[in-house]
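**Student:** sequence first, then the predicted structure, then my questions.
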Amino acid sequence: MTSSSIIVVDPQRTVTGHWPVPEERRTVTVLFADIVGSTGLVDRLDPEDVRALQRAYFDTVAGVLHRWQGVVEKYVGDAVMALFGARHSDGFDAYRAVRAGLEIQAALDRRPMVGDIRLRVRVGVATGEVVVDLGGAVSGGHGVASGAVITTAARLQEYAEPGAVALCAATARATAGLITQRQLAAVPVAGRVPPMPVWHAVGPVRPGTDRHDGPLIGRRRELATIRDQVSQAIREQSPRWLSLVGPTGSGRSRLLHELTRGLTTVDGVSVRWCVATCQPYPDQVLAPAAELLRGLAGVRHGDGPAVIHDRLVAALTSLFPPERVAAAIPALQRFLTTPDSSSAALAGAAICRDVLLGLAAHQPLIVAVDDVDRAAPAMSRFLHTLFSAATARGLPLALITLHQPQWADTRPSPARRLTIGPLAAVQSGRLLRHLLTRAGQPVTLAGRLLSLVGGRPGHAAAYVASLVDGADPETLPLPEALRRVAGAELDHLDGERRAVLMAAGTLGGVISGAAVDRALGWTPGRSAPALRGLAAAGLLLPHRAGGYAFAAPALRQVAAERLPRALRTVFSRRVADGVCLDSVHPDAVLPRDHAAAEHAGADPVGAGRASVGGSAVRRNEVVLLDAVRTRNDRLDAAFATSPSDALLRRLRSPTVTAAPPAPNRGIARSPISRRLRTVASAGDVPPTRASATPARAGGRRPPGTDRGAASIRIVPGSPDHTAPAGVGTPPGAVRALPRPPVPHWSPGLAAAA
């Protein structure tokens, strides 16, 4: 219906607080929904009926989008455009958008809007990169996102069948294994070559169990620790809660698979396992508890009521008296069918908990729940009650939960935490060679992939899978799955830590707090607490040489690419302009006798004050080179790359006069002093004509002269720093390379050497 537009404006905008970036480049999923045949419908209805129909339609669609955490970007006529992942991503933005599209279709098919009128809608869902206004990323924030993916979503809905949800290729890949899909023939789109492939979403599916058919590489220590803890809990009949913590791709699920396969007995006594996985956004909050019951009783999805009844009876007969079994079976059947938050489901969950406790009283039991960070609060309460009851009864039970580091941990205090770190380089190399061989890819690629996977087995598998799917081995682009994971890790951070991590992504080499502060324009030291917090969360790793490094290369790439291009340039320029020595006061660097001489009114460097170009050099402009040699390693690392000509012109602003170095093989020359001599001898600047401390014949210094006291005199250059090189430079002066000028020198401070 194109007769009117309704735009709802939310007056509350996102408060960015400590995050100085108003816009980000983000991968989002766009949902575009439009009514089928709206023009003919409007023509035959009264305007009041049209208005009532619009309100009912928009309320229905907006309610579904809100439930799946979508942000309504705009209402255009009878079309609705929504964004998923515009302000916060959990890695399942495309899944939530498709589920929302399917639910919109079901809701409109079930509900007459006005009178007996039922609407049919086409829905298109596309995933791609946009620039997002973070402050406007709220419902009704018109113009929040800009990018080609918005047009793609609008075009997709045109090719969707009435009542269907059409997907682009990126959305289909992001929801593979979670949504049943049906690929259609590619459709032509104006201005695009080749035609665009299209998929139709059929419905959600229960994800299957991950395959773990390759050899386990590494993790021997972790496996031994878990086996010891579980065995001790069973021997002592003292329940233990073990928490396996690691980021996505660290191999948590693989570790659990190895445990269930290898830990089958303790001291010759058979052990029973009950395992469940929390799926993303389950339809029922107690679905993982129902999965535990299914595994215990051997009930499979798709079994009929009679089969379920017989298997539940067989599982409960040895645990409860006959009268209790008869009373429990109907409640458990309802619980398996609808494990939601209703009172009937809660009653079934309580019986399920009693079943697990009864089983532990007859046989040692290990209950494991994977991805517990996705669990609803009702599931967390279920696990806590189970553990508390087992502890009070002294049962041989171990509870193992697996989750990500950023999860707000709700474990009880006696729980033991085991962090799953990255694989060693040797182990990562072995894993890559195995995966490449099994995939039929050149094993020589293992060396190039090693620096990209960051010791995470899941990242190694993703890169190899991308090669199988046709990724260019020369460029090795970041796989989409890793981009989603890294984006979710970023969005779990608060504003200040997120700003620090994204600024750090633009820096090369080891990350220092000083460089991050310069990039963000913060006061020195402000980023230090955030850096420590990021290291505690496992996103950064302390470097042995000081500073930090990213734990995952994928996170560094996504953090940097989130920033708009202009801001990346600003951050890089700030850091480059700050690569220079700190200003030093002469009293802090001169030897004690020199400071005393200056206090007495004598010249501390030589007889009188040296004159350059007819103008005297002030005493507070003298800096001894040896006083700053302790920083040479840091400077050499910063100056390791050859600056461009434009950078060299900026760096030539300060001019210095230096004493010609006396040949003294007994002293190790600083790389900085060697560089200054090289510049002078290369003809780039005139040779040094005078020396503050003349050398004797044969290169020996006068008696009493400090052997290391080679001095550099700063000569005030032209105030116009944009002047060409050499303009205003006194004859015989050596231009210090390569350092940018220190802006706004404070009185009493010497220029940095």
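**Tutor:** Right, received. Where do you want to start?
**Student:** okay, buried residues for the helix or strand where residue 40 lies please.
**Tutor:** Assigned by DSSP states H and E, residue 40 belongs to helix 38-43. Buried residues in helix 38-43, defined by neighbour count with 16 or more other CB atoms under 10 Å: 38, 41-42. In this view, the C-beta of every residue, glycine as well, is placed from N, C-alpha and C.
**Student:** next secondary structure element downstream of it?
**Tutor:** The element immediately downstream of helix 38-43 (helix or strand, assigned by DSSP H and E) is helix 47-67.
**Student:** please enumerate the strands of the stretch 351-500 of the chain.
**Tutor:** Taking DSSP state E, counting those that start in this stretch, the strands of the stretch 351-500 of the chain run over residues 365-370, 397-403, 416-419.
**Student:** export the buried residues of helix 38-43 to JSON lines and tack on pLDDT and distance to residue 356?
**Tutor:** As requested, the buried residues of helix 38-43 are exported to JSON lines (pLDDT from 0 to 100; distance: CB to CB, whole Å):
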{"residue": "38", "pLDDT": "76", "distance to residue 356": "54"}
{"residue": "41", "pLDDT": "78", "distance to residue 356": "55"}
{"residue": "42", "pLDDT": "76", "distance to residue 356": "58"}
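**Student:** dump those residues to CSV, plus distance to residue 369.
**Tutor:** Listed next are the buried residues of helix 38-43 as CSV, based on distance: CB to CB, whole Å:
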residue, distance to residue 369
38, 47
41, 49
42, 52
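**Student:** and those, which is closest to residue 118?
**Tutor:** Within those, proximity to residue 118 (CB to CB) peaks at residue 41, which comes in at 10.8 Å.
**Student:** if we can go back for a sec, now, of the strands of the stretch 351-500 of the chain, which is deepest in the fold?
**Tutor:** For these, the largest average neighbour count (mean count of other CB atoms under 10 Å) is found in strand 397-403, namely a mean of 25.
**Student:** please state the offset of that strand from the chain centre?
**Tutor:** Relative to its chain's centre, strand 397-403 lies at 26 Å (CA atoms, centre = their mean, to the nearest Å).
**Student:** tell me the strands beside it, with direction?
**Tutor:** As defined by DSSP bridges, the strand partners of strand 397-403 come to strand 240-245 (parallel), strand 365-370 (parallel).
**Student:** so for that strand, what's the average pLDDT?
**Tutor:** For strand 397-403, the mean pLDDT works out to 95.
**Student:** nearest to residue 536 among the buried residues of helix 38-43?
**Tutor:** Comparing the buried residues of helix 38-43 against residue 536 with CB to CB places residue 38 closest, at 54.2 Å.
**Student:** my read: that closest one touches residue 57, true?
**Tutor:** No: in this structure, residue 38 is not within contact of residue 57 by CB atoms under 8 Å, at 9.8 Å.
**Student:** okay, and the common contacts of those two?
**Tutor:** Residues within reach of residue 38 and of residue 57 at once, by CB atoms under 8 Å, 6 or more residues apart in numbering, are residue 78.
**Student:** neighbours around residue 508, how many?
**Tutor:** Neighbour count for residue 508, taken as other CB atoms under 10 Å: 9.
**Student:** give me the phi and psi for it.
**Tutor:** Here is the backbone geometry of residue 508 (degrees, to the nearest 10): phi -100, psi 150.
**Student:** check residue 193 too.
**Tutor:** Taking degrees, to the nearest 10, you get phi -140, psi 130 for the backbone angles of residue 193.
**Student:** would you check how far apart it and residue 30 are?
**Tutor:** 22 Å (CB to CB, to the nearest Å).
**Student:** neighbour count winner among these two?
**Tutor:** Using other CB under 10 Å, the more surrounded residue of residue 193 and residue 30 is residue 30, with 31 against 7.
**Student:** what helices or strands is the helix or strand in which the more buried one is found leaning on?
**Tutor:** In this assignment (DSSP H and E), residue 30 forms part of strand 23-35. Using 3 or more CB pairs under 8 Å, 6 or more residues apart in numbering; DSSP states H and E, the elements in contact with strand 23-35 are helix 47-67, strand 79-84, helix 93-110, strand 121-133, helix 148-159, helix 480-491.
**Student:** how many neighbours does the nearest residue to residue 197 once chain neighbours are set aside have?
**Tutor:** Excluding the flanking residues, the one nearest residue 197 by CB to CB, 6 or more residues apart in numbering is residue 186, at 4.8 Å. Per other CB under 10 Å, the neighbour tally for residue 186 reads 13.
**Student:** now residue 215
**Tutor:** When counting by other CB under 10 Å, one arrives at 8 neighbours for residue 215.
**Student:** list phi and psi for it.
**Tutor:** phi -70, psi 150.
**Student:** start at 23 instead
**Tutor:** Sure, I'll start numbering at 23, so the last one becomes residue 237.
**Student:** how about it, what does it touch?
**Tutor:** Residue 237 neighbours (CB under 8 Å, 6+ apart): residue 456.
**Student:** what's the separation between it and residue 469?
**Tutor:** Going from residue 237 to residue 469 by CB to CB gives 21 Å.
**Student:** what about the helices in the stretch 273-422 of the chain?
**Tutor:** Assigned by DSSP state H, counting those that start in this stretch, the helices in the stretch 273-422 of the chain fall at 274-284, 309-319, 327-338, 344-359, 365-384, 399-415.
**Student:** highest average neighbour count across these?
**Tutor:** helix 309-319 (a mean of 22).
**Student:** alpha carbons only: can I get that one in PDB?
**Tutor:** Extracted in PDB, the C-alpha atoms of helix 309-319 (Å, rounded to 0.1, in the frame of the first residue of the first chain):
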ATOM      1  CA  ALA A 309      15.000 -27.400  25.700                       C
ATOM      2  CA  PRO A 310      18.500 -28.400  27.000                       C
ATOM      3  CA  ALA A 311      17.000 -30.100  30.000                       C
ATOM      4  CA  ALA A 312      14.600 -32.000  27.700                       C
ATOM      5  CA  GLU A 313      17.700 -33.000  25.700                       C
ATOM      6  CA  LEU A 314      19.300 -34.500  28.900                       C
ATOM      7  CA  LEU A 315      16.100 -36.500  29.400                       C
ATOM      8  CA  ARG A 316      16.100 -37.700  25.800                       C
ATOM      9  CA  GLY A 317      19.600 -38.900  26.000                       C
ATOM     10  CA  LEU A 318      19.000 -40.700  29.300                       C
ATOM     11  CA  ALA A 319      15.900 -42.500  28.000                       C
END
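**Student:** hmm, back to that, turn the strands of the stretch 373-522 of the chain into CSV, including distance to residue 483.
**Tutor:** Shown next, in CSV, are these (distance: least, CB to CB, whole Å):
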stretch, distance to residue 483
strand 387-392, 17
strand 419-425, 18
strand 438-441, 21
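**Student:** can you tell which of the ones you listed is closest to residue 256?
**Tutor:** strand 419-425 (6.9 Å).
**Student:** who touches the closest one?
**Tutor:** Applying CB under 8 Å, 6+ apart, the contact partners of strand 419-425 are 248, 251-252, 255-256, 261-268, 274-275, 278, 281, 379, 382, 386-395, 405, 408-409, 412, 431, 433.
**Student:** got any ranges where the stretch 223-372 of the chain has weak pLDDT?
**Tutor:** Across the stretch 223-372 of the chain, the ranges flagged by pLDDT under 70 are 229-231.
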